[in-house]
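> 3D model of this:
(chains A and B)
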Amino acid sequence: DAKTTQPTSMDCAEGRAANLPCNHSTISGNEYVYWYRQIHSQGPQYIIHGLKNNETNEMASLIITEDRKSSTLILPHATLRDTAVYYCIVRTFSSGGSYIPTFGRGTSLIVHP
Amino acid sequence: GAVVSQHPSRVICKSGTSVKIECRSLDFQATTMFWYRQFPKQSLMLMATSNEGSKATYEQGVEKDKFLINHASLTLSTLTVTSAHPEDSSFYICSATLFSETQYFGPGTRLLVL
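As a prediction, this is how the structure comes out:
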């Protein structure tokens, strides 16, 4: 799996959009970009994933650059409950295959009033 | 998303005893389950990969005789910490996938060994 680089920490005002970047310059053509977040003392929560098209769900939007070397997770209206560590992971999606999921240090997002 | 549960959520045990942690996928069949360990202010560290009906694959540095993993069904995997010591105190998290699709995580088990 390709490695990812994320800023160590970010902060955002409540109600504003939080834009979390991730660099994955060594990503290969069949690797997906996944985002998870971990609120203190809880297991990671799946947020969103994508291959090359932008994706949106009820939690967030994922913008992937055309060259796929970076992506941005967007929380459109951050709330205090969005304070968490956000992990960007790239991995192969192969039915019946196996992979080794690797978590980096992620970005600690603090949403303040 | 899919639901993965863990039991117990927290456990305190004496040094030298064994502790079993259960991981269940509640609404899907998990062909693969993963076990992680997380120390304070650190990221998740993969301990082992468990495929239903076969032996677990352990990451380098993880003692397979100390951390026994059983994945006897498509909805249940167990991690047994044998002869626990204070340095085994940690946050243990499992995750489950169906045919390498999206990984869903359990809420974690906090283990404290006295």
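> pLDDT at the residue in chain B positioned nearest to chain A, what is it?
Nearest to chain A in chain B, going by Cβ to the nearest Cβ, is B:Phe105, at a distance of 3.9 Å. From N, CA and C alone the C-beta is placed, and that goes for glycine too. Predicted confidence (pLDDT) for B:Phe105: 94.
> how much space between the residue positioned nearest the centre of chain A and chain B?
Nearest to the mean C-alpha position of chain A, by Cα atoms, centre = their mean, lies A:Trp35 at 3.1 Å. Between A:Trp35 and chain B the computed distance is 11 Å (Cβ to the nearest Cβ, to the nearest Å).
> helix or strand with the lowest mean pLDDT in chain A?
strand A:84-92 (a mean of 89; mean pLDDT, DSSP states H and E).
> re the thing from before, spit out the contact partners of the residue nearest to the centre of chain A.
A:20, A:22, A:47-49, A:60, A:62, A:73, A:86-89 (Cβ atoms under 8 Å, 6 or more residues apart in numbering or on different chains).
> can you tell me which helix or strand it belongs to?
Here A:Trp35, judged by DSSP states H and E, is contained in strand A:31-38.
> find the residue closest to the residue of chain A found nearest chain B in space, skipping its chain neighbours.
For chain A and chain B, the shortest gap (Cβ to the nearest Cβ) falls at A:Gly43, measuring 3.9 Å. Excluding the flanking residues, the one nearest A:Gly43 by Cβ to Cβ, 6 or more residues apart in numbering or on different chains is B:Phe105, at 3.9 Å.
> mind pulling up the pLDDT for the residue positioned nearest the centre of chain B?
Geometric centre of chain B, nearest residue: B:Trp35, 3.7 Å, by Cα atoms, centre = their mean. The score at B:Trp35 is 95. That number is its pLDDT.
> ok so it is a strand residue?
Yes: B:Trp35 sits within a strand when classified using DSSP: H, G, I helix; E, B strand; the rest coil.
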